[in-house]
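S.K.: Could you work out the structure for the sequence below:
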Amino acid sequence: MARANLVTLRPASIGGRHKVGMQARWFSSTGLPPHMVIGMPALSPTMNQGNLTKWRKQEGDKIEVGDVICEIETDKATLEFESLEEGYLAKILVPEGSKDVQVGQPIFVTVEDSEDIAKIPADTSFRGEHDEDQSSGSAAQSVEVDAAEQSPALRHISPTAKMLIKEHGLDISLLKASGPRGTLLKGDVLAALKAGTASSSAKENTAPATPSPQPARDSQAQSLPTSQKSGTFEDMTNTQIRKVIAKRLLESKQTTPHLYLSKDVILDPLLAFRNELKEQHGVKVSVNDVVIKAVALALRNVPEANAYWDNAKEEAQKWDSVDISIAVATEKGLMTPIIRNADQKTISAISSEVKQLAEKARAGKLAPNEFQGGSFSISNLGMYPVDNFCAIINPPQAGILAVGRGNKVVEPVMNSDGTERAAVVTKMSLTLSADHRIFDGQVGGKFFRELALNFSDIRRLLL
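M.R.: Purely as a prediction, here's the structure:
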């Protein structure tokens, strides 16, 4: 009879390093010593599989609290798998470099004592224990929720501590945690048992749980017949990020009614403003930094454009803040870090934040709060020979502005005396892709009117 205990550790970002939680259970199966089977965690709402990029610990290694065991590439970033329990890495179930490991699939096994490492057979898959883990996972999670409600100060509970609490019927609200970031450790529970300070008052949640379905592989992902692979093409391996991007973009085009509006704006006042900042104040900003500020102020002045569509209520909901997502190309795919409250920040502050976020995005070091959310997106291809393009909306946002390059054109301009003359001006094309359930012609027109005013009179951006 297997004895098991479940603990869920939540994702966090500390000191620039991404810490991810794990779902694990202690087993004492017939013929095997007490051991813990750890499955591939779901680290984002859209993740159903991940890539195991690197093992930082090897079989037989001692694991201390806080040690990083491996690195996992998700649909958003590469994160470190940190242990909150002492033990030994007894068996690696998924080799380094494995692709498309399903969420919940066992990836490694740990034991408490080094003598037990040799007692874990090399050919054991632990699939049976994983299935048992799935069937009881919901009930264990409800116990964890009840425990958190009783003692909000306890953020995490180690597996062994949770097992001792259940066996002795302890009141979790009376326990004091000493582990990192409020983690309740085995030693904390043993100390409470020795002192007799934790009375038996907690009620166990024994409600039956419904097994959570495991994500199934797409039947269309089968390999092509050998006859069709006769050297006529080369496979290009997709990262998890690119796979999710492809899925999300397809869903957006299929489920969001796209409305396209475009306008050319004169770029010369913006360019002159940039030069003035550089020459007189020593401040360097990009065209994109100024565009972010201009768009943010336009959204603030037209709040009905800073909204999203609530499918449950079937109505538009306004965002509480103006948070601009900026598209950043990386080797693994397109990332969209967020400039939060962009309408309230100076252009120099926006410029500094954009540089920092872009660097972290390319290094795969963005924290979840730095790319999740956003009320509006900007995609700028002005550095390429692209005059204009139409971008795809990033749900649940209702709009994305596509920015093309600046081109010099000859246009008639009005002199002070009312006469016209030919002049060379720099124009930039802006194309708005908007959710037609939010943006009708009037809202789109008001948004572009405000945006055009911000480009023609740069002083508006300083107010």
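S.K.: Which positions within stretch 290-305 qualify as buried?
M.R.: 290-302, 304-305 (16 or more other CB atoms under 10 Å). Every residue, glycine included, has its C-beta placed from N, CA and C.
S.K.: Could you list the residues in contact with that stretch?
M.R.: 270, 273-274, 306, 316, 318, 322, 324, 326, 339, 342-343, 345, 347, 350, 354, 375-376, 378, 380, 398-399, 401, 403, 434, 438-439, 443-444, 446-447, 450-451, 454-455, 458, 460-461 (CB atoms under 8 Å, 6 or more residues apart in numbering).
S.K.: cool, and stretch 329-344?
M.R.: 73, 76, 239, 241-242, 245, 292-293, 295-297, 299-300, 321-328, 345, 350, 353-354, 357-358, 360-362, 364, 366, 370-374, 377, 394.
S.K.: Filter these down to the buried ones and hand me the PyMOL line.
M.R.: The buried subset of the contacts of stretch 329-344, as determined by 16+ other CB under 10 Å, is captured in PyMOL by this line:
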select buried, resi 73+76+239+241+245+292+293+295+296+297+299+300+322+323+324+325+326+327+328+345+350+353+354+357+358+360+361+364+366+370+371+373+374+377+394
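S.K.: What separation is there between Ile69 and Gly333?
M.R.: Distance from Ile69 to Gly333, counting by CB to CB, to the nearest Å: 25 Å.
S.K.: Name the residue in these two with the higher neighbour count.
M.R.: Neighbour count, other CB atoms under 10 Å: between Ile69 and Gly333, Ile69 has more, with 21 against 17.
S.K.: What ranges does the stretch 301-450 of the chain have for its strands?
M.R.: Assigned by DSSP state E, counting those that start in this stretch, the stretch 301-450 of the chain shows strands spanning 307-310, 315-318, 324-326, 328-330, 333-335, 338-339, 376-380, 399-414, 420-435.
S.K.: who's in contact with the nearest residue to Gly374 once chain neighbours are set aside?
M.R.: Leaving aside its chain neighbours, Gly374 sits nearest to Ser325 (3.6 Å; criterion: CB to CB, 6 or more residues apart in numbering). By CB under 8 Å, 6+ apart, Ser325 lies in contact with Thr336, Pro337, Ile338, Phe371, Gly374, Phe376, Ser377, Ile378, Asn394, Gln397.
S.K.: now with 7 Å?
M.R.: Thr336, Ile338, Gly374, Phe376, Ser377, Asn394 (CB atoms under 7 Å, 6 or more residues apart in numbering).
S.K.: Using CSV, please lay out those residues together with distance to Lys99.
M.R.: Output for these, formatted as CSV (distance: CB to CB, whole Å):
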residue, distance to Lys99
Thr336, 24
Ile338, 29
Gly374, 29
Phe376, 34
Ser377, 29
Asn394, 25
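S.K.: ok, so of those, who is nearest Val386?
M.R.: Of all the contacts of Ser325, Ser377 has the smallest distance to Val386: 16.8 Å, by CB to CB.
S.K.: which residues does that closest one form a beta bridge with?
M.R.: Counting by DSSP bridges, Ser377 is bridged to Ser325, Ile400.
S.K.: Then Asn51?
M.R.: Glu73.
S.K.: Count the residues that sit near it.
M.R.: Neighbour count for Asn51, taken as other CB under 10 Å: 21.
S.K.: So it sits against Thr74, correct?
M.R.: No: in this structure Asn51 lies outside contact range of Thr74 using CB atoms under 7 Å: 8.3 Å.
S.K.: overlap in contacts of the two?
M.R.: Counting by CB under 7 Å, 6+ apart, the shared contacts of Asn51 and Thr74 are Gln240.
S.K.: circling back to that earlier point, so which of the buried residues of stretch 290-305 belong to strands?
M.R.: Assigned to strands by DSSP state E, none of those qualify.
S.K.: just the residues you listed now: which is nearest Lys91?
M.R.: Using CB to CB, the buried residues of stretch 290-305 come closest to Lys91 at Ile292, 49.6 Å.
S.K.: roughly how far apart are that closest one and Asp235?
M.R.: Applying CB to CB to Ile292 and Asp235 gives a distance of 38 Å.
S.K.: Kindly report the same for Glu86.
M.R.: If you go by CB to CB, the gap between Glu86 and Asp235 works out to 43 Å.
S.K.: more crowded one of these two?
M.R.: Set Glu86 next to Asp235 and count neighbours by other CB under 10 Å: Glu86 wins out with 17 against 8.
S.K.: Tell me how far the residue nearest the centre of the chain lies from Ala298.
M.R.: The centroid of the chain falls nearest to Pro368 when counting by CA atoms, centre = their mean (4.3 Å). In this view, Pro368 and Ala298 are 28 Å apart by CB to CB.
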